[in-house]
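In: heads up, no residue letters with this:
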């Protein structure tokens, strides 16, 4: 038995893939012109969908298509996707026929059957091809990355939105939480996995392997969700510090002297979730963060029964921008704020529901007088800062004028508790929205909590603790989601006026 | 933080599940009457689908529902499913509204968007609940077993067919071949896995642990597909003997003297696939057999480069029944054949597309004269056999009269090559259909190949080799699927006349 | 680079070994006579010890020698060992020279150096060869099995005792407790491991795979020590039942109805160690039992904090024999008792220090009157039993006459607490000696505790609980080992009179 | 059952150990003076050796001693070791008695028994304590590190040499090659393991994680031996480049542009072993290098059948020093060379047999005239270099004057082939000695092969290839070890004159 057939289907796929990963440069696929190339794809896709040569051959063909696709540049990829969309879309005539029958059907039973047929008819053939790509080694990753591309391109070509949504439906089913595995990540984890943490960390940049090692020390925990079809690829991960009392400063958590004593985790009473990052932009909108936090709480409780409190130390990414707008609208004229340009910005968990720039417009009428006063007190701070946009990594830490400190806390509380997305009940701040949806409450505001350039640029170094309290989570969630009521500690509530 | 919430959601689920598995007896769920029970379910399902209390709580609620469901008897389970079907079905008003818009839509773009909306609208809410069940520990297995139930019950209540089909769609996506893992099973595998082979083996019963051990000896191979969501549960498995030349007798493969020499697998030139069994009846119609055979061929080639031939030694499950019908129709009157009642019958791979009893009706006009003659020669054999139906495990081996031997081979070849399902191009014999679809060819017929009661009852102990030849697989498949042309060796072709 | 050299050394070793394991029949090694064979060995051993061709080649040569050795029959093996002993023994001239220097040495420092030299000189060259055998795949197992052979043969040839003792020294170092791994064995363990439990269980025979499965149920535990050089080979294993209160009957632990309810282990307050078996007779005298029990206690405590008591349910293997001797000496004449012939007898842990038959002689003078009376009361029981020796598996259970029940308990207590090995402080009963050395105390005697033939034959079905009480273990051990004082509960102490 | 006993023995050991590893600072052990401290040790050791409280307690006691030991400073550790040596040494009276009996013994059998007794008597009790330390978590590593200490201290106190030698004997038995596991190290290996490679690499420093990653690329291999008692601790490791033709320059192997193409290993015909490092200085003198190279050759052959040549690219660590001595002796006066001070110097495999400084003295009489001429030609090179010692990392690469190039090659060949250790047959260069003992031959000398400071300082950047040729290994080894004959290619032989 010679190797040709089986090899092409199983063995060579692996080899092809390795070549691509090793040499992802775009090379000519050997076609004279676009037309002949498209023609080739058309035939291959048709054969693949028809299972020409059998189901195993179809997978081999899909693998070849995937292989070719990966070697294409952006233009080539878009061309390929248009072939898919244009020529392997829903059969509209078939749909119309069923709808006609449905319109004329007499009884419920008949309609039920027609609905089932209609549901099938409405699945575009290209969706079947997407699933066939799963035959590629790391085929799931292929599809996740494909969706990441589509999310970037979908504005360019309307059809791509449908394709992207179809792919999202498929991925949402495959990445059902029931299939995900929670793993603790330690310094004993593979280096190939750990380097991904360095790359994907979106909130507090990991600057070196030493930095990473200190985040995996004995009094730290790191957990991630994985999918069995994408081993060694974290989907989302969280970094936790085991401490005494709720932390009010992220610098001391992150910038540890490597020689400093590491405290015994058995003595800690509080777990601080100080960073949570999505690692796969192709899974945007398929949410794991809520599950991750609660699974990790359960793991920590089992492992360390001394833990009494579970809280975050979170950024307020939209605060400064909001403050500048407020100042401009109510206190002084302004310039357009620079766009947020931080690396990995899209990985920040709550940003999976990205903030519409429009939503940042302040709502002038509803501002209480105390807040207006605070706004004037903060004036100098915001004014002095005119040249310093977010993303200006050289900003450094600026001392907050004593007079502005109390005002800043008031404004922060007001921003979190009272500012909403236009025409919605949900909090304006995306991180707040994420934790409030999960059932947490706003616990405490901390000035001077983050000296990094990003922290300064986002919120003058202010950070917030969200508290997860077992008995209140469901109630908090329902109040927030159902009625827009935001849970907060008395202190924060008083600050907000 | 007390344990109530998180525990109910994650920890207790595991505990609940263990209790059920340990004590699967049906117990009262503590309701006074069916109405209050249904009412309870209705509320729970609604809360679950509304993600009341958040997504994590919804999973907890789904787990409780699953837990209750498993403790129900058959009647209770059906009641539950009817609540699902009746109250969480597609919103027909919504469907009608979209269809109305579609009918009136002007341009293609609008129709495209409406089609996407229609597709969503046509997904019944209960399907979402099915997916939520995946939160159960071994939730995938729960759903697979649920479908096995539905396949048995769907004749009883029409709505169950739709539910079963919905579940099939979901499982077909989750059990995409790209997610399956091929593992070799050896005597070093967990006993808890091996006992499942004993239970699931459908073709040649495994009679004891000693028998199993001999099927996992050095000159044997056993491979199975697994799904990561159902560890330790084989989906389908194949047993292979490594021999010299194509085997013509399954007894010598199976009934080995435990003290006999085991030959060196490196010396073998032929791999005989002598048994292939589906292990999950809930996955009927989602086919893995073709992939399994070809992946195993690839594994064996890599491991044992000396192998030159890959063939099966397969039963002919419908042959005797067909012959009796033929005899009744053309040679002599008859009785209705006893139904096939073998344990595990439904596990036999090709039966996943079960044979319609009607299809066994012979096609009198097309019978060549040589075959008619053979039929007469076999008369005594069939007649003598009147009291012996399939499933009569005491039948024992009956000697084939010398006069009938040649005739039996002729009839066997005719049966495999010429008899088709009514109004179709596909082979009448389900095992033949399976291997021919995979691209194999009919290679050789073997008399006296299976002395077991089942073998006698199915085909007078005759078995057939299907040959998988790398270079011909795609061509054979296309000829068979596209044109109904069956590939066969010259010898078999000559026998068929 | 051709394969000859490296292959012989690494690859082929594995192959050779597999052949032997597959075909352990003794075949001619192709020598004309014993002399030429011995000559061949002599040269090979010499080359191996001289590291001819380098250290890697020496290992290859050792592997070939081991390979040849395994193919030999018993006579051939003994011949080989004699070549080793006779020709690769200590160099006596060298020893004498050092001793002479030592006698004449002036100062301590010089003597110290000479002692070091002497120690080296006294290591016979053949011991180096033993270590070289470790190069074989499963070389450790080779040496363990070699010692098992030597233990059987050492009476035949005096030199073999030295070899056996040398090997014991080597194995005791390699099997240091620090290298052993404790693993729990469950129904998910490899079948190839589980079948060894069936083979090695020495106390309560495992009759089938179903029996084994029930011993690994949810309310049972099984733990074993393993050595990394002998994976999948248990060294010693213990079976534990998780129950409420201290068990008084081993039948109910072992002969469970497979359909009976399995109780929740979390509800158990007592762990009963009802069987402990050595699995490697070649490790006799290298004791792991004490460590195993205490490691398992620690594991169980961690896993099941509800457990309050840790006790055994143990046989009294020497009781009946002792009683018959007592009867013969003090009450009535007797016959010689049949020898103990149970399968696997040597595996019973405490028997690793085998009972000297002489030690069974009773000590007539020290018998208290109450015991003498009890002895007379038991007379009929022992007399009635004359034809029934141990090992008579058909003995069945015999009812104990009511009159004898109290007497039997008295005698049992006396036997355990007062009978010692001649000229020693240690208990006569080997199982008692084992647990008392470990620091346990005699807690309770149970009549009708074991209906098996072996149980009847050893002790009329009586069994004993030894209790391991954390706070007393060290004290009990010291009292027993140092002063021969046996710890016992008040009840047992009163029974013993 | 309270936790005291079992805990102290098993659980707390782990905890104690963790504390030490986390806080290895020397703290007071709470004793008033050295005398009471020594007294405490004396009692603990005695109790431990007497197995007071049982064998399990003895291990607990050993663990406590080990725990205390690790917290001591160097002085304290030495004090502890002297207590061991002075008070738990061989019982000299017992030895004398046996020797006396031996002197007077009549026959061989009696002497044999006495020898066995003598062998036991000569084992000092403290050796038993060493073995008890194996009870510590990572007890093997404890002992290996203890020996590393002893190797440094043994010059200070004569008794320590004996202790060190005893420990070596124990470790040599435990680290028998048969117990070692060869593992490939890749970028998927745990970071905690990989950081050890960075720390232990002795030949070509690994400068960063990026550097490490490039050494584990697709066309590289790294293998290490591990011991099951020291998981995650490499004993020795080798780095291999898969290339075409024998490499003549280590810079191109190591300083790769990270973006450069990585070649397909399947196309390589040559494996270059360019670095081999011992990782445990406590195992000095227990040699694994020969086994490692040959096992890796076997692994590579299996995996990559295209490989045709296996060679090293090795440093010549003693060449420059030798050349300077030669120049001083025969051409010009000199200064004393600075000592070699490179980090990790002791890890270089062959240095396990460290070069006696005396051995560097040249042998003036035997120098052929051609070599004397070459020496004069190289004069300027050596002279110009006067200020540049080894270890001067700023030396940078110095161009070799054209006139000196040929001379340098001649001198290199002469140095490798003709210079021997005084009064021995073995090569003067330690790396040469290592590979020649393994059966390799000197294949080629390469100028400009290593631009690093170390390479310049050791050998003016010259490196040498040793070739491992399967068919010649045993012969080469025998010729070298037995007769001092060094295998070399014709070219090198001609260069040496």
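Out: Ah, there it is. All of these numbers come straight from a predicted model, not from anything done at the bench.

In: is chain D contacted by stretch A:59-72?
Out: No - figure legend: stretch A:59-72 not in contact with chain D (Cβ under 8 Å from any Cβ of the partner chain); closest approach 15.5 Å. Where C-beta positions appear, they are placed from N, C-alpha and C, glycine not excepted.

In: chain D contacts on chain A?
Out: For chain A, the residues in contact with chain D under the definition Cβ under 8 Å from any Cβ are A:22-23, A:187-195, A:209, A:213, A:218, A:232, A:261-262.

In: mark which of the residues you listed are buried, thanks.
Out: Neighbour-count burial (16 or more other Cβ atoms under 10 Å in any protein chain shown) applied to those gives A:187, A:189-195, A:209, A:213, A:218.

In: now for those residues: which two are most distant?
Out: Within these, A:192 and A:218 form the most distant pair, 23.3 Å apart (Cβ to Cβ).

In: element containing the closest residue to residue A:112 other than its chain neighbours, please.
Out: Nearest in space to residue A:112, with sequence neighbours left out and distances taken as Cβ to Cβ, 6 or more residues apart in numbering or on different chains, is residue B:162 at 6.6 Å. Secondary-structure element containing residue B:162, defined by DSSP states H and E: helix B:158-174.

In: how about residues contacting that helix?
Out: Contacting residues not belonging to helix B:158-174 are listed as A:109, A:112, A:116, A:131, A:170, A:173-174, A:179, B:81-82, B:84-86, B:124, B:126-127, B:130-131, B:140, B:143-144, B:146-147, B:150-151, B:153-154, B:227, B:229, B:282-283, B:285-286 [Cβ atoms under 8 Å, 6 or more residues apart in numbering or on different chains].

In: so of the residues of chain A next to chain D, which ones are in helices?
Out: Within those, residues falling in helices by DSSP state H are A:22, A:191-195, A:209, A:213.

In: distance to residue A:466 added to those residues, as a markdown table?
Out: Conversion of those to a markdown table gives the following (distance: Cβ to Cβ, whole Å):
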| residue | distance to residue A:466 |
| --- | --- |
| A:22 | 44 |
| A:191 | 33 |
| A:192 | 33 |
| A:193 | 28 |
| A:194 | 27 |
| A:195 | 30 |
| A:209 | 30 |
| A:213 | 28 |
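
In: nearest to residue C:400 among these?
Out: Ranking these by separation from residue C:400, with Cβ to Cβ as the measure, puts residue A:193 on top at 66.6 Å.

In: who's in contact with the closest one?
Out: A:185, A:232, A:234, D:188.

In: again, only this time at 7 Å
Out: Residues counted as contacts of residue A:193 (Cβ atoms under 7 Å, 6 or more residues apart in numbering or on different chains) are A:185, A:232.

In: do a quick rundown of the helices in the stretch 101-250 of chain A.
Out: Along the stretch 101-250 of chain A, counting by DSSP state H, counting those that start in this stretch, helices occupy A:108-121, A:125-132, A:139-153, A:158-174, A:191-200, A:209-215, A:250-254.

In: in JSON lines: those, plus mean pLDDT and distance to residue A:438.
Out: Compiled in JSON lines, those are given as follows (pLDDT from 0 to 100; distance: least, Cβ to Cβ, whole Å):
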{"stretch": "helix A:108-121", "mean pLDDT": "86", "distance to residue A:438": "33"}
{"stretch": "helix A:125-132", "mean pLDDT": "90", "distance to residue A:438": "31"}
{"stretch": "helix A:139-153", "mean pLDDT": "94", "distance to residue A:438": "24"}
{"stretch": "helix A:158-174", "mean pLDDT": "89", "distance to residue A:438": "19"}
{"stretch": "helix A:191-200", "mean pLDDT": "96", "distance to residue A:438": "21"}
{"stretch": "helix A:209-215", "mean pLDDT": "94", "distance to residue A:438": "23"}
{"stretch": "helix A:250-254", "mean pLDDT": "91", "distance to residue A:438": "20"}
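
In: any idea which of the ones in helices among the residues of chain A next to chain D is closest to residue B:313?
Out: For these, the minimum distance to residue B:313 (Cβ to Cβ) is 43.4 Å, reached by residue A:22.

In: what's the end-to-end length of stretch A:187-195?
Out: From the first residue to the last, stretch A:187-195 extends over 11 Å; the measure is Cα to Cα, to the nearest Å.

In: please identify which residue in chain A comes closest to chain C.
Out: Proximity of chain A to chain C (Cβ to the nearest Cβ) peaks at residue A:305, 11.7 Å away.

In: so that residue versus residue A:269, what's the distance?
Out: Remark: distance between residue A:305 and residue A:269 (Cβ to Cβ, to the nearest Å) = 11 Å.

In: out of those two, which sits in the more crowded spot?
Out: Using other Cβ atoms under 10 Å in any protein chain shown as the criterion, residue A:305 and residue A:269 rank with residue A:269 on top: 14 against 9.

In: no further questions, thank you.
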